[in-house]
Every structure is written in structure tokens, then in C-alpha cells.
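Colleague: Build me a model:
(2 chains)
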Protein chains: 2
Amino acid sequence: MPNSLQSNHISSRFDQDLQNVLSNVLSMGGIAEEQLLNAIEALVNSDVGLATEVVEKEIQVNTQEVKIDQECTQILARRQPAARDLRLLMAIIKTITDLERIGDEAQKIAKRSIDLTEKEGGPRAYYISIKAMGHLVSSMLHDALDAFARMDSKSALQVANKEPESDDQYSAIMRQLITYMMEDARNISGALDAVWVIRALERIGDHARNICEYVIYFVEGKDVRHISLDQIEKEVINKNK
Amino acid sequence: MPNSLQSNHISSRFDQDLQNVLSNVLSMGGIAEEQLLNAIEALVNSDVGLATEVVEKEIQVNTQEVKIDQECTQILARRQPAARDLRLLMAIIKTITDLERIGDEAQKIAKRSIDLTEKEGGPRAYYISIKAMGHLVSSMLHDALDAFARMDSKSALQVANKEPESDDQYSAIMRQLITYMMEDARNISGALDAVWVIRALERIGDHARNICEYVIYFVEGKDVRHISLDQIEKEVINKNK
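Modeller: Got it, this is the predicted structure:
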């Protein structure tokens, strides 16, 4: 079980604390992922009930962030971790901020889907593309959380590599929406709601990438933010040779 | 000098480390603020040269984030701070993430301003409103950094209270832009660029608010994220009675 957390922390009270925090992070990630999937479902099916559920459930993600933050602060104060454990705590503190923002973005999608449904009712042609982008982004988030759970830098790198794909989808939908607005001025208001939705999806993809970078930071001991994918790839591959 | 950092850390090597990190955070904040102001200037004056400068300078904000992050990790590992010092480090670790994102958003505004200038050339009527919103948001950022420098929770609260004002400006510009798009389909592409700009400004306002919340967290020892402004106000006022 290379790079796994279990192999390094099996006995002490400290390790129990860490394991506890980690499982809370994963449970928080699970809620964020579910919120995203439900928000997309609510949008494409014009399901106001489901969208309302997503909006109301956002507070759960927020509560988790505050709770895990406190747990991390307590561990830092009581256990005074060093090296690898400290890097892990830093990775967790940063990851939960991204998860909380993902929760925010999912809530925004849900709110927009309510607006869209009320404006005209019934799904629109471009919903198929939004659904596809939503599924790509939620698979990125799922895989990022999976890489986080296993602290697997190679998988994390693969997720980070998917970002250009989501950018392409974003641009394609944007072109579709502009055409739609130009066809008829009455489409503008609804299309702008859709622009917010794909913008939110793009941001969720960014957050998933951030989580992957923290995994690489933890495993490789290197800060890979703000460097290109090619460079990250070299770092990880050289290390794993 | 109530709540000031200076009064609590004057002598030890540890305090020097902390002071050093704090001054780096403020210098990073200064660059982020300058980037924002220059991005707005570049937009309203259709100044591609200045916009290009902002785009190129973004890397400085990123570099600062990585550097301060490492400094904080080292302090955590070597000095094992507790209570108030630990809260301060947590506040710093989170603040620099927001500052880095502000740098990103400023860069996005600069890029959009290049697109807008190339598309048609010359400022548009709604630039006046964007400039006003830009100045409100940059004053929020300035005051947030000032509250951070003095660790002043009352000033931090005042900044957080400005958020509804920036939301109002955002909605007003949005209505202006939609009217502009409906008037002539050829306006759509440029107006969408402007939508990104005000969206970026709104996000910078959010980040400034986040920084204020970290200040309140540090000073009051309470986590005020995800609670309403009224509640925060009660917390701060009760504490200061």
C-alpha cells in the first residue's frame, strides 16, 4: 500500500485524530459531490424541488468546514506535528476551503436552475451540453477525492490533466449560448443564467485541480501550484522512477 | 495599542519570524491591490500596455503565496505555536489563498480589457459604472488589508458590511448590460466580456470579506464564517463592551 496513510498511522492517539479528520474530509467531499450532481440533475430536469434541497443542504458543507478547521487547529496545538504530518494538515486545511467553495458553486447552480425553470419552464437544447460538462467536472471531483483518500499523486496528476477538456467544453457551450442570444433577444436573460451555470462548473473543475495539487504537495513534498502540468508531470514521474 | 500584534510580540526569535511573515502578507496584499487598480485603469482607458503589465505581473502574487505558505509551515514545525499565535498563522494561511485568488481575478479583468479593446476599441458608456464598482471593491480590499495589518475586528466588520453595496452595483450594471445586448445583437460579445469583469470584481469583494472574517476569527477567537452580518456584529460588539 504505497503512499497510503494507513501504513503510517496505525497506533497512536495522534494517528486516530488524523484518521478522524481525514474521514471527515472525505465525508465533506462526498456531500459536495452529491450537491453538484443533484444541482445538475435539478437543472436538466427543471426540478425545482431538488434544486431547493440543494440550496438548503449547502449549510451542511459549511458546517463541516468550520468543524474540520477546528479539529485541525486542535491537532496543531496539542500534537505539534512535524514534517509529513504537518504537510498533511496543511493539505487538509486548504482542501476543505476548496470543498466549501464547491458547495457554494453547486448552490449557485441550483439557484440558477430555479430561475431558469421559472422563466420559461422546460429544458432547453443546450442543457445536453451543460449536462455533459457537469458530468465531466463531477468525475474530476470524484477522482480528486479518490486521489486524496489514497494520497495517490499519480492519480491526482491524471485529474489535473483533464482540465483542458473541461475548458474546451466551456468554450463550446459559450459559443452555443451566444448564437442563441443573437437569434432572439428574448433568449438573453435565460442564456445569461446558463452562462453562470457553466462558469460555476468551470470553477468546480478548478477547485478539483487545487485538491489534486495539495495531494501532490503532500506526497511529493513539493509545492506544485502555479507551475505547468508538464513540469508537475516531470516532478511526479522522476520521483516515482 | 489594543489588539495590535506589536504589543504581543516584541522580543523573541519566534516573534521576529511572525512579524516577517506578516510584513510579507501585507506586501503581497499591496501587490494584489495594485494589480486590481491597474486592471480597472487598463479597462476604462483601453490601455493594452497596462493590461499586459498586469497579466505578466500576476506571477509575483503567486510566488509570494508559495513563499509565505512555506514560511508558515516552517514556523508551525519549528516553533509549535499555540492559542493566539496558532490562530494568527491559520488566519495568514487562509488570507494568502484569498490574496492569490484576487491576483487571479485582476489578471482576468486585464485579459478581458485587452479583448474588449481589440474588439471595438474605445471605452463604452457602461465603463463609468464598472469603474465605480472597481473603486468600491478596491477600497474594500484596501480597508480589509488595513484591518488585517492592525488586527482590528471593528474595522474588519465595517468592511464586511459594505458587501451589499457592491452587490447592488453589480445588479445595476448587469441590467445595463442586458439592455445593451437587447438593443443590438452585435453588442453581445463585448457585453459578455463586461459581465466577466463585474463577476471578477464581485469575487474580489467576496475575498476581501473573507480576509475580514479571518481578522475577526483571530481577534475574537470565534469562527464567523457562514453566519450573518447581524450575528457577527453582536459577537464583536459584545466582546468590545
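
Colleague: what residues does chain A put near chain B?
Modeller: Within reach of chain B by CB under 8 Å from any CB of the partner chain, chain A has these residues: A:59, A:62-63, A:65-66, A:69-70, A:73, A:76-77, A:80, A:82-83, A:86-87, A:90, A:93-94, A:97, A:178, A:181-182, A:185, A:188-189, A:192, A:195, A:199, A:223, A:225-226. C-beta coordinates here come from the backbone N, C-alpha and C atoms, glycine included.

Colleague: What subset of those is buried?
Modeller: Among the residues of chain A next to chain B, those scoring as buried are A:62, A:65-66, A:69, A:73, A:76, A:80, A:86-87, A:90, A:93-94, A:97, A:178, A:181-182, A:188-189, A:192, A:195, A:199, A:223, A:225 (criterion: 16 or more other CB atoms under 10 Å in any protein chain shown).

Colleague: Quick check: helices, which of those residues are part of them?
Modeller: Members of those lying in helices (criterion: DSSP state H): A:62, A:65-66, A:69, A:73, A:76, A:86-87, A:90, A:93-94, A:97, A:178, A:181-182, A:188-189, A:192, A:195, A:199.

Colleague: how many neighbours does the closest residue to A:Pro81 other than its chain neighbours have?
Modeller: Of all residues beyond its chain neighbours, the one nearest A:Pro81 is A:Leu89 (6.2 Å), with distances taken as CB to CB, 6 or more residues apart in numbering or on different chains. As a burial measure, A:Leu89 scores 22 neighbours (other CB atoms under 10 Å in any protein chain shown).

Colleague: again, but for A:Thr179
Modeller: 13.

Colleague: For it, give its distance to B:Ser189.
Modeller: 11 Å (CB to CB, to the nearest Å).

Colleague: For A:Pro81, give me its contacts.
Modeller: A:14, A:75, A:88-89 (CB atoms under 8 Å, 6 or more residues apart in numbering or on different chains).

Colleague: My error: substitute A:Lys162 in the last question.
Modeller: If you count contacts by CB under 8 Å, 6+ apart, then A:Lys162 has A:136, A:140, A:205 around it.

Colleague: what about the helices in chain A?
Modeller: Using DSSP H, the helices assigned to chain A run over residues A:13-44, A:48-79, A:83-119, A:127-150, A:153-160, A:163-183, A:188-220, A:229-240.

Colleague: Scan the contacts of A:Lys162 and report the most crowded one.
Modeller: Counting by other CB under 10 Å, top hit in the contacts of A:Lys162: A:Gly205 with 27 neighbours.

Colleague: between the contacts of A:Pro81, which is nearest chain B?
Modeller: Nearest to chain B among those: A:Leu89, at 8.3 Å, using CB to the nearest CB.

Colleague: And the pLDDT at the residue most central in space within chain A?
Modeller: Nearest to the mean C-alpha position of chain A, by CA atoms, centre = their mean, lies A:Ala208 at 3.9 Å. Per-residue confidence at A:Ala208 stands at 95 (pLDDT).

Colleague: and what of A:Met140?
Modeller: 96.

Colleague: which residues touch it?
Modeller: Each residue near A:Met140 by CB under 8 Å, 6+ apart is listed here: A:159, A:162-163, A:166, A:204-205, A:208-209.

Colleague: among the residues you listed, which one has the lowest pLDDT?
Modeller: A:Glu163 (81).

Colleague: Flag the shaky bits of chain A, pLDDT-wise.
Modeller: A:1-11, A:120-123, A:222-229, A:232, A:235-241 (pLDDT under 70).

Colleague: pretty sure A:Ser196 is touching A:Arg112, no?
Modeller: Let me fix one detail, which is that residue A:196 is Trp and not Ser. Yes: here A:Trp196 reaches A:Arg112: they are 5.2 Å apart, a contact under CB atoms under 8 Å.

Colleague: And those two? Which one has more around it.
Modeller: A:Arg112 (23 against 18).

Colleague: before we move on, back to that, and which of the contacts of A:Lys162 is nearest chain B?
Modeller: Lowest distance from chain B to the contacts of A:Lys162 (CB to the nearest CB) belongs to A:Gly205, with 14.4 Å.

Colleague: can I get the contacts of A:Lys162 in TSV with distance to B:Ile173?
Modeller: Formatted as TSV, these follow (distance: CB to CB, whole Å):
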residue	distance to B:Ile173
A:Leu136	31
A:Met140	32
A:Gly205	27
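
Colleague: Give the burial count for A:Ile40, as a bare number.
Modeller: For A:Ile40, the count of nearby residues is 26 (other CB under 10 Å).

Colleague: Now do it against chain B, distance only.
Modeller: 21 Å (CB to the nearest CB, to the nearest Å).

Colleague: Spit out the contact partners of the residue nearest to that residue when sequence neighbours are not counted.
Modeller: Nearest non-adjacent residue to A:Ile40, counting by CB to CB, 6+ apart: A:Gly134, 3.7 Å away. Neighbouring residues of A:Gly134 by CB under 8 Å, 6+ apart: A:36-37, A:39-40, A:43, A:201.
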